[in-house]
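**Q** Let's see this in three dimensions:
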Amino acid sequence: MGIQPEHIRSHLERVLGEEALLLAELEQVLGAEAAVVRGEDPGAIENIGANRHRCVARLTQLDGERASACRMLSFGTGREAFERLLAWCDPAQTLRPRWQSNLACAHRCKDLNDRNGAVVMARMGQVQQRLATLRGAAPGPVYSRPGSRFEGVAPRTLGQA
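**A** Below you'll find the predicted structure:
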């Protein structure tokens with residue numbers, strides 16, 4: 001008596017359901033994070049990061065469960081393997097809409113995360129420029145009104161007593 005497709009289907013139904021809840025939560029966290037990373041409250045940034053990491057850690061575990069089921073049943077690895085597993089254990093394709101919905105939400109989360117990361121990187125660049133100015137490093141290129149570069153602008157040390 002081998003593994004019954006119904007048991008695997010039930011397992012995948014639980015995994016996909018939990019994944020859907022976590023992805024929806026992550027999407028909300030990333031949306032809230034967008035406002036926080038534009039703000040000036042480091043504590044808020046730290047707190048929202050913890051929520052994001054918790055969601056991602058649990059999503060990673062669920063992905064591992066999916067991958068383990070695929071390997072255990074010799075379907076291989078990757079998205080195609082999961083598609084074959086779904087076809088085997090759920091011929092009525094009742095889980096496929098949940099899987100597609102989860103993929104769409106994961107793509108939205110990736111886009112939100114990428115945007116938030118770009119904002120953080122831009123802000124870090126601004127901070128680095130301000131620190132360089134305060135330390136007396138040579139300034140970046142300076143442009144005149146018509147857009148030509150002024151060369152040889154001497155660095156000035158600011159913020160020293």
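
**Q** For the protein, which segments count as strands?
**A** 142-143, 149-150 (DSSP state E).

**Q** Flag whichever of these has the least confidence on average.
**A** Ranked by mean pLDDT, those end with strand 149-150 at the bottom, a mean of 52.

**Q** Need the residues that contact stretch 77-95.
**A** Residues outside stretch 77-95 that contact it (CB atoms under 8 Å, 6 or more residues apart in numbering) are 5-6, 8-9, 12-13, 16, 66-67, 69-71, 73, 75-76, 96, 99. Every residue, glycine included, has its C-beta placed from N, CA and C.

**Q** Can you give me the neighbour number for residue 89?
**A** If you count neighbours by other CB atoms under 10 Å, residue 89 ends up with 22.

**Q** now it: how far from residue 107?
**A** Applying CB to CB, to the nearest Å, the value for residue 89 to residue 107 is 25 Å.

**Q** re the thing from before, which ones among the contacts of stretch 77-95 lie within helices?
**A** Mapping the contacts of stretch 77-95 onto helices (DSSP state H) picks out 5-6, 8-9, 12-13, 16, 66-67, 69-71, 96, 99.

**Q** are any of those buried, and which?
**A** In terms of neighbour count (16 or more other CB atoms under 10 Å), the buried residues within the ones in helices among the contacts of stretch 77-95 are 8-9, 12, 16, 66-67, 69-70, 99.

**Q** what would the ones in helices among the contacts of stretch 77-95 look like in a markdown table with distance to residue 33 and pLDDT?
**A** Compiled in a markdown table, the ones in helices among the contacts of stretch 77-95 are given as follows (distance: CB to CB, whole Å; pLDDT from 0 to 100):
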| residue | distance to residue 33 | pLDDT |
| --- | --- | --- |
| 5 | 40 | 94 |
| 6 | 40 | 95 |
| 8 | 36 | 95 |
| 9 | 35 | 96 |
| 12 | 30 | 96 |
| 13 | 30 | 97 |
| 16 | 25 | 97 |
| 66 | 26 | 94 |
| 67 | 28 | 95 |
| 69 | 32 | 95 |
| 70 | 32 | 95 |
| 71 | 34 | 95 |
| 96 | 31 | 95 |
| 99 | 26 | 96 |
